[in-house]
Structures are given as C-alpha cells and as structure tokens.
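Asker: Sequence first, predicted coordinates after that:
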Amino acid sequence: MPESSPETHVIDFRAAEQLLAARDPRGAIRLLDSVIAAHPENTAARLLRARAFFLSAQLRPAELEFQIVLEREPDNAFAHFALGRTLERANRSDEALRHFRLAAALEARPEFLRAARFAGEDTGKGELSS
C-alpha cells in the first residue's frame, strides 16, 4: 500500500467525488475514510462522506456526519437540508422539518423552500446534490 500524503488525500477526495457522481457511494466512502482519518477537520470531506452514506442508505452514519458538519458550520444551508432529508428518510418528519426550515431561512433555494413547506408540498424527495 502506498504511503499516504496530502497529495494522495486530494486525489482520493476527487476520486470519491467521481465515484459518488457515478453512483458508487460505497466506493466513495472507502476512499473518504482514509482522508478523514488523516484530516478529521476537513468539513468538505465529511460532507461528501455524509452524502455517500445517505445514498448508500446508511442513515445513522449520514446523520452523524451531517451533525459534525453543522457543529462546525451552523450556517451551512445544504447540510441542514441534507440532514433533513436523512431524518425524513428515517421517518423522523418533525425533526426533518426543523432542518428544512433552517435551510430555507439560510438560503431561499426552491428545493429548500418546498421541503420547508414554504412553497407548496415537497415532491423532491430522494437524492442529495449540492
């Protein structure tokens, strides 16, 4: 196994983005695990891993990662939205709505407003894309 370095972590992060785009969230998680182990403070890697957990239906790990991101960046509208989607998928609608409303208050994107029920009913359930 090659020795890891900051350069290999950047390569792994970029490769994980590509794997997620290619619908291989588990492959992305494997790459991001080493990046986060070496750089636990890297919020972008944690957000990407949270999305990968969500897309692979690993809801509890996704929830924990989104919470870590929000501890560091409480004004991250996408992280609130994504945590809301995760909670919604786990049948925790009341908790989800709180995060959808925070996301919509922080950034008035149409999908955030729909999820927050500020602009009609939400029909955009499902995937997370930033």
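Answerer: Great, that's in hand.

Asker: how about residue 56, what does it touch?
Answerer: Residue 56 sits next to 25-26, 29 when contact means CB atoms under 8 Å, 6 or more residues apart in numbering. Glycine gets a C-beta too; all of them are placed from N, C-alpha and C.

Asker: Would you reformat those as CSV and include distance to residue 108 and pLDDT?
Answerer: Formatted as CSV, the contacts of residue 56 follow (distance: CB to CB, whole Å; pLDDT from 0 to 100):
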residue, distance to residue 108, pLDDT
25, 29, 98
26, 34, 98
29, 32, 98
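
Asker: Skip the chain neighbours and tell me the closest residue to residue 72.
Answerer: residue 43 (5.4 Å; CB to CB, 6 or more residues apart in numbering).

Asker: Would you check that that neighbour makes contact with residue 69?
Answerer: Yes. Under the criterion of CB atoms under 8 Å, residue 43 makes contact with residue 69 at 5.6 Å.

Asker: Tell me which of the two has more neighbours.
Answerer: Between residue 43 and residue 69, counted using other CB atoms under 10 Å, residue 69 has the larger neighbour count: 22 against 18.

Asker: picking that back up, retrieve the pLDDT associated with the residue nearest to residue 72.
Answerer: Per-residue confidence at residue 43 stands at 97 (pLDDT).

Asker: Distance of it relative to residue 78?
Answerer: 12 Å (CB to CB, to the nearest Å).

Asker: Residue 9 now?
Answerer: Using CB to CB, residue 9 is found at 22 Å from residue 78.

Asker: just residue 28 next, same as before
Answerer: For residue 28, the distance to residue 78 - CB to CB - is 17 Å.

Asker: Give me the more crowded residue out of the two.
Answerer: Neighbours of residue 28 and residue 78, each counted by other CB under 10 Å, are more numerous for residue 28; the result is 27 against 20.

Asker: and the gap between that one and residue 80?
Answerer: In terms of CB to CB, residue 28 sits 22 Å off from residue 80.
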